[in-house]
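Undergrad: Structure, please.
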Amino acid sequence: HYKSITFIEVMSTPVQYVPLISSIDHTFWTQLNAKKLDELKLDERPLDLTAFYTNDCKPGLPAHLTLSYDSFTDKPVDRGTAYTGIVLNTNTVEEFKAKDFGGILKSAGEKIWSTFKDGSAVEKPVTINQFYCVCFADLKKYRYNYWFCFPAFVTPAAIIERSTLGVKFTSEQKEKFRSAANLGATFLDKEQNVIQDKNNAISNMEYVLIKDPSTDSEHPGWPLRNLLALVSFHLKEKKVVKVICLRENKVAGQQSVDHSLYLEVELEPLSSTEMPKVVGWERNTKGKLTSKFVDLSASMDPAKISESSVNLNLKLMRWRLLPELNLEVLQKLKVLVLGSGTLGCNVARCLLGWGVKNITMLDNGKVSYSNPVRQSLFNFDDCGKPKAETAAARIKQINPSAESRGVALSIPMPGHPVTKLEEEKVKESITELEELIDSVDVVFLLTDTRESRWLPTLICSSKHKICINSALGFDTYLVMRHGVKGECEVLEAPHIGASTIAGSQLGCYFCNDVVAPGDSTKDRTLDQMCTVTRPGNAFVAASLAVELMVSILQHPLEGQAPATLDLNDEKQDSCLGRVPHQIRGFLAHFSSVQPASHAFDKCTACCMEIISRYRENKMGFLMEAFNDANYLEKVSGLADMLENTNFDDVWEFDSDIESD
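TA: Numbers count the residues shown, from 1 in each chain. Down below sits the predicted model:
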């Protein structure tokens, strides 16, 4: 209970003010983090804030000034009496410690003093109470150094009488005080009415009223200090001022202001030319005049910390080096990774690094004992488990905010005949694969046979999906993007001397073939059944595959971005640089080339005749392709072309690039 004052105390003692204590909700720091990353960046300009204090705290509690997530908004949730201020956030802790805190306090005082001189303080006296927050936010460790300042003037003021509203005033008068307190601070006449004539408010006042955050039965709160200084500024001679420190509390279930302080304070006039001394830096919990520190890392959700840290690295990249970098398109991206082996695991890891969270892993195999040393999403304990599901689970362990899932699916392939007993299951697999590709934005082709890439290539071509292909040889690699045809889907003849190839005219993985994909799993020796490649090869190819995807998405035309044929052209295709069609690398001499090629009008995977047959009679067409090794060559026109070709005029090339 409040210490009851049932009599009038007559005295002459200096006024002592109960200081405000900053009370910061963790959501305030969360918002500051967001402001720092998305708005301030390296800018140290001040941000406007609104805080609140209340005048209805229980006895014994300190006078809190509360800041929350909406303190940065123009219209925060009303939680009491508004206190306006600013936050000054430094880029380093050294800058924070080196701040001229004395200069900040003096500057804050001069700002308030100017409102005394121009009269605006009398018009709206609640605005003379302001605060400053100087801080350093360590966004990686969720640690914050901060110091609050509540600038106030040191002016002569002596209490000569102290009582309570319950002792001094009637119920009707107290109700008038309660009503006037909605203004936060104001001047009242003899009838307890708010003085409307602001030019003569102080000369005509009978009472100074303020909503008081203090719960001390003898001492008023800090906000009264500047209000009494304002009155003193306008006095011509000493004067005793009646002060209402309005406090509310519930008594027997009813709101009561009986315990509110009533003071009669003797004030002395101030010089209008010399600003009084200013005080106001907050003391820490040990009573020392120094800054505070809070570590929120332990109380934060680890998953949220992880997500925020990933975003931090990417946003630093944007606001330090690439302001035009579109991170939002990556955060919303949905990716399907076909193949959860050496390439697939490394592609998934790189995708996570770019902030891609929606990743579907597809594979029909199980983790073997040789996999963990090369496939970065697996360890020894995973051996024998399904690859796709295990990879998806590991993605979630790496980034808990990722939306990953694994799909065990066998991709039907040309040259692999389908029996009547298998037909229904194969059709289900086709439908599931189509639905998966339909649901994503980008498809990575990383399967372990050439023919297993044919159906995904065809579906991606038909549905205009971005498709990234990567394959490995012993010491060579291929990374390429498939052309994304437009709605018109017209294949143009190559232009001699052209410097670029339009994205819609680029070839796919099968465009350089002069034979249809067939069963490559027959009669393979042990060295042919395993991926025989230099261990670092997959890491290089996977990284380039993801970087190629990101460059595509940063181009204004995205999947239809053109590929340059002139490697000496320094023109930047996107904010990240060039968007090549292919990257072919050679570890033997640590080099790479960037060829670009037109789509082949007789390609067995992406030519218009193949796509048309697929769209018109999907299942019938695909079953023919699976069961007849020569069917795709006939439909595409490749068989006729081969029949009419004089092979004596054809140069023979050899490529050791195989799939992973």
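Undergrad: alpha carbons only for contacts and neighbour counts from here, please
TA: Will do.
Undergrad: What count of nearby residues applies to I459?
TA: Residues near I459, counting by other Cα atoms under 10 Å, number 21.
Undergrad: next one: G365
TA: Count around G365 with other Cα under 10 Å applied: 17.
Undergrad: Got the confidence number for it?
TA: Here, the pLDDT recorded for G365 equals 94.
Undergrad: switch to numbering from 30
TA: Understood, numbering begins at 30; the last thing we discussed is G394.
Undergrad: Tell me how far it lies from F568.
TA: Counting by Cα to Cα, to the nearest Å, the gap from G394 to F568 is 21 Å.
Undergrad: which residues touch the residue lying closest to R347 once chain neighbours are set aside?
TA: Leaving aside its sequence neighbours, R347 sits nearest to L354 (Cα to Cα, 6 or more residues apart in numbering; 5.7 Å). L354 sits next to 347, 583, 604 when contact means Cα atoms under 8 Å, 6 or more residues apart in numbering.
Undergrad: Mind checking which of those residues land in helices?
TA: 347, 583 (DSSP state H).
Undergrad: tell me the secondary structure for the residue lying closest to F145 once chain neighbours are set aside?
TA: Counting by Cα to Cα, 6+ apart, L259 is the residue found nearest to F145 once chain neighbours are left out, at 6.4 Å. Put simply, L259 is helix when judged by DSSP: H, G, I helix; E, B strand; the rest coil.
Undergrad: correct me, but L259 touches T144?
TA: No. With contact defined as Cα atoms under 8 Å, L259 does not count as touching T144 (9.4 Å).
Undergrad: Ends of stretch 481-499, what's the gap?
TA: End-to-end distance for stretch 481-499: 13 Å, by Cα to Cα.
Undergrad: average model confidence for it?
TA: On average, the pLDDT along stretch 481-499 is 95.
Undergrad: what do you get for stretch 378-387?
TA: 94.
Undergrad: Show me what counts as buried in it.
TA: The neighbour-count check on stretch 378-387 (16 or more other Cα atoms under 10 Å) flags 378-387 as buried.
Undergrad: among those, which are in strands?
TA: N387 (DSSP state E).
Undergrad: Can I get the buried residues of stretch 378-387 in CSV including distance to I440?
TA: Formatted as CSV, those follow (distance: Cα to Cα, whole Å):
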residue, distance to I440
R378, 23
C379, 25
L380, 23
L381, 25
G382, 28
W383, 28
G384, 28
V385, 25
K386, 24
N387, 22
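Undergrad: Could you report the neighbour count for S338?
TA: Neighbourhood size, S338 [other Cα under 10 Å]: 15.
Undergrad: Next, it: phi, psi?
TA: phi -70, psi -40 (degrees, to the nearest 10).
Undergrad: Distance check, it against R74.
TA: For S338 relative to R74 (Cα to Cα), the value is 24 Å.
Undergrad: With E576 instead?
TA: Going from E576 to R74 by Cα to Cα gives 35 Å.
Undergrad: Looking at these two, which one has more neighbours?
TA: Applying other Cα under 10 Å to E576 and R74 shows that E576 carries more neighbours, namely 18 against 12.
Undergrad: Need the overlap of contacts for L259 and T144.
TA: In the contact map built from Cα under 8 Å, 6+ apart, the residues linked to both L259 and T144 are A150.
Undergrad: lowest-pLDDT helix or strand in this structure?
TA: Here the helix or strand of the chain ranked lowest by mean pLDDT, DSSP states H and E is helix 555-558, holding a mean of 44.
Undergrad: who are the neighbours in contact with the residue positioned nearest the centre of the chain?
TA: Centroid-nearest residue in the chain, with Cα atoms, centre = their mean: N340, separated by 5.4 Å. Contact analysis of N340 by Cα under 8 Å, 6+ apart lists G384.
Undergrad: cool, N375 as well?
TA: N375 neighbours (Cα under 8 Å, 6+ apart): 404-406, 567-568, 571-572.
Undergrad: just the helices in the stretch 80-229 of the chain please.
TA: Ranges of helices in the stretch 80-229 of the chain, per DSSP state H, counting those that start in this stretch, are 122-126, 130-147, 149-152, 194-197, 200-209.
Undergrad: about what we covered before: would you agree the residue nearest to the centre of the chain falls within a helix?
TA: Yes. Residue state for N340 (three-state DSSP) corresponds to a helix.
Undergrad: F81 against T95, yeah?
TA: Yes. The criterion here is Cα under 8 Å, and F81 meets it with T95 at 5.3 Å.
Undergrad: which non-adjacent residue is nearest K65?
TA: Sequence neighbours aside, L71 is the residue nearest to K65 in space, at 7.8 Å (criterion: Cα to Cα, 6+ apart).
Undergrad: Tell me, how many residues neighbour that neighbour?
TA: 14.
Undergrad: distance of it from E123?
TA: With distances taken as Cα to Cα, L71 is found 15 Å from E123.
Undergrad: what's the answer for L605, then?
TA: L605 is 34 Å from E123, where distance means Cα to Cα.
Undergrad: about what we covered before: what's the closest of the contacts of N375 to A166?
TA: A166 has its nearest neighbour among these in S572, at 32.9 Å by Cα to Cα.
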